[in-house]
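In: Kindly generate the corresponding structure for this input.
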Amino acid sequence: MTRVIHTGDTHVGYRQYHSPERRQDFLDAFEAVIDDAVDSQSTGNRTGSDDAVDAVIHAGDLFHDRRPDLPDLLGVLSALRRLAAADVPFLAVVGNHEATRGEQWLDLFSDLGLATRLGAEPTVVGDTAFYGLDHVPRSRRDELDYDFAPHDADAAALVGHGLFTPFPHADWDTETVLDEATVDFDAVLLGDNHVADTARVDGTWVTYCGSTERASADERDARGYNLVEFGSDAGGDATVDVRRRSLDTRPFVFVDVELAAGEGVDRVREQVRQHDLTDAVVVVSITGEGDPVTPAAVEEAALSAGALLARVTDHRAVGGDTDATDTDVEFGDPDAAVRERVREMDLSPTARRLDETVRDGALPDSNVRDRVASLVDDAVAEGSLADAADAEDADAEDADAETNAADARNGAPDDQVSMEDFQ
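Out: Coordinates of the predicted model:
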């Protein structure tokens, strides 16, 4: 039997709501997964039980950005060293958020002996062969031949990153992958969709592990990862068992208030104060026919009750109930509203990064010019300015991948490093 942790979409480095505490939360969640894997070794070996895991499988988007800040990079390195010291391999693929046109951070970790980048060749752990499929833009998927090298293990699993059928927001056909693959897979372990889910496709188990931290207010369910066991039944056929494990992450308190006629901010504040808000992210959603509400007054009430931060969305401000609107304006976080509008524009990835740089409140005005010049230099080196068609394809893929997470970088620029710094 092979027993693995299936995780992904850890988005280390995401400074959600411009909060340094939230940025640390994403690293903490990744470290919690690694801690569980390490702890399982001592517990399983001591009790003789099946608690010990044989590997940690990461299905992409380890980092939130292709240029992670130095503290986030060092935090991941420290966690991977603990995992390696416990003799638990870390197998992973590259997601769309962290992908570059050249070498990947995952390659660096592999060179350091801390990770294995999965691909067309099998990586056998226990009696299971693991293969990898990095995120691929839609425009390039027709070129894929799904040619995987043979194996002689009892079971096989494909680890991929993308939005696959039959799950929501899908643009990648799972049946095509399974039909055209030269290896019969018993399971497909996926990342990109932040909602954990499992389905059966042509007799193969296909599962998303979900994100380890809430990257958007839509992610209300508890965060966690999958525990996947590969075995065999009495007839010798491969079996797959998928179970969920929860993580103890930053509490989110969701307060949905429908105001009746004549009700206003006092009613909202009353509803907010009914919850334990200690160190929590408070997300307030307002609907109904009541009086106008000033978000700042609600946020102040939440903060005074011990919340880490609060965000207020008044759905009435965009002219109706939530079912009738495609996008909600978050007046408690105006930058989120701007980012939403920018995502609707036909911008290339380079133009989008330039927009983020100009609007980055954490970047001193004196550094904006140098940062813009650096981004343009990167674009030239990548060839993204010379190939407009590729840029448009990548931009479309970025927009699709943001279904579950706001894609904004707000970290301190002085700490940022690139792959070139390690070459």
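In: From here on, just use CA atoms for contacts and neighbour counts.
Out: Noted.
In: Would you list the phi and psi of the residue in the chain sticking out farthest from the centre?
Out: Ranking residues of the chain by C-alpha distance from their mean position (Cα atoms, centre = their mean) puts G262 at the top, at 41.3 Å. With angles defined as degrees, to the nearest 10, G262 sits at phi 90, psi -10.
In: Repeat that for T7.
Out: Main-chain torsions, T7, degrees, to the nearest 10: phi -130, psi 180.
In: and the longest helix along the chain, what does it pack onto?
Out: In the chain, with assignment by DSSP state H, the single longest helix is helix 20-47. Where contact means 3 or more Cα pairs under 8 Å, 6 or more residues apart in numbering; DSSP states H and E, helix 20-47 is packed against strand 55-58, helix 70-85.
In: looking only at pLDDT, what's the mean for the shortest one?
Out: Across strand 55-58, pLDDT averages out at 98.
In: So what touches that strand?
Out: With Cα atoms under 8 Å, 6 or more residues apart in numbering as the test, strand 55-58 has contacts from 3-8, 34, 37, 88-93, 125, 159, 191.
In: Show only the entries of those found in strands.
Out: Among the contacts of strand 55-58, the members found in strands (DSSP state E) are 3-7, 90-92, 125, 159, 191.
In: Now tabulate those residues in JSON lines and tack on distance to Q16, neighbour count and pLDDT.
Out: Listed next are the ones in strands among the contacts of strand 55-58 as JSON lines, based on distance: Cα to Cα, whole Å; neighbours: other Cα atoms under 10 Å; pLDDT from 0 to 100:
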{"residue": "R3", "distance to Q16": "33", "neighbour count": "23", "pLDDT": "97"}
{"residue": "V4", "distance to Q16": "29", "neighbour count": "21", "pLDDT": "98"}
{"residue": "I5", "distance to Q16": "26", "neighbour count": "26", "pLDDT": "98"}
{"residue": "H6", "distance to Q16": "24", "neighbour count": "29", "pLDDT": "98"}
{"residue": "T7", "distance to Q16": "20", "neighbour count": "27", "pLDDT": "98"}
{"residue": "F90", "distance to Q16": "26", "neighbour count": "23", "pLDDT": "98"}
{"residue": "L91", "distance to Q16": "27", "neighbour count": "24", "pLDDT": "98"}
{"residue": "A92", "distance to Q16": "24", "neighbour count": "30", "pLDDT": "98"}
{"residue": "V125", "distance to Q16": "36", "neighbour count": "18", "pLDDT": "97"}
{"residue": "V159", "distance to Q16": "27", "neighbour count": "26", "pLDDT": "98"}
{"residue": "G191", "distance to Q16": "20", "neighbour count": "31", "pLDDT": "97"}
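In: Determine which two of those residues are furthest apart.
Out: Spatial extent of those (Cα to Cα) is set by the pair V125 and G191 at 20.1 Å.
In: circling back to that earlier point, could you check the angle helix 70-85 makes with the longest helix of the chain?
Out: Here helix 20-47 points in a direction 0 degrees away from that of helix 70-85 (axes from the mean of the first three to the mean of the last three Cα atoms, to 10 degrees).
In: For helix 20-47, buried residues please.
Out: Neighbour-count burial for helix 20-47, counted by 16 or more other Cα atoms under 10 Å, picks out 22-34, 36-41.
In: now stretch 237-253
Out: 238-240, 242, 244, 247, 249-253.
In: do the same with stretch 216-227
Out: Within stretch 216-227, the residues that count as buried by 16+ other Cα under 10 Å are 217, 219, 222-227.
In: now stretch 269-283
Out: Buried residues in stretch 269-283 (16+ other Cα under 10 Å): 269, 272, 277-278, 280-283.
In: got any ranges where this structure has weak pLDDT?
Out: 43-50, 234, 318-350, 352-423 (pLDDT under 70).
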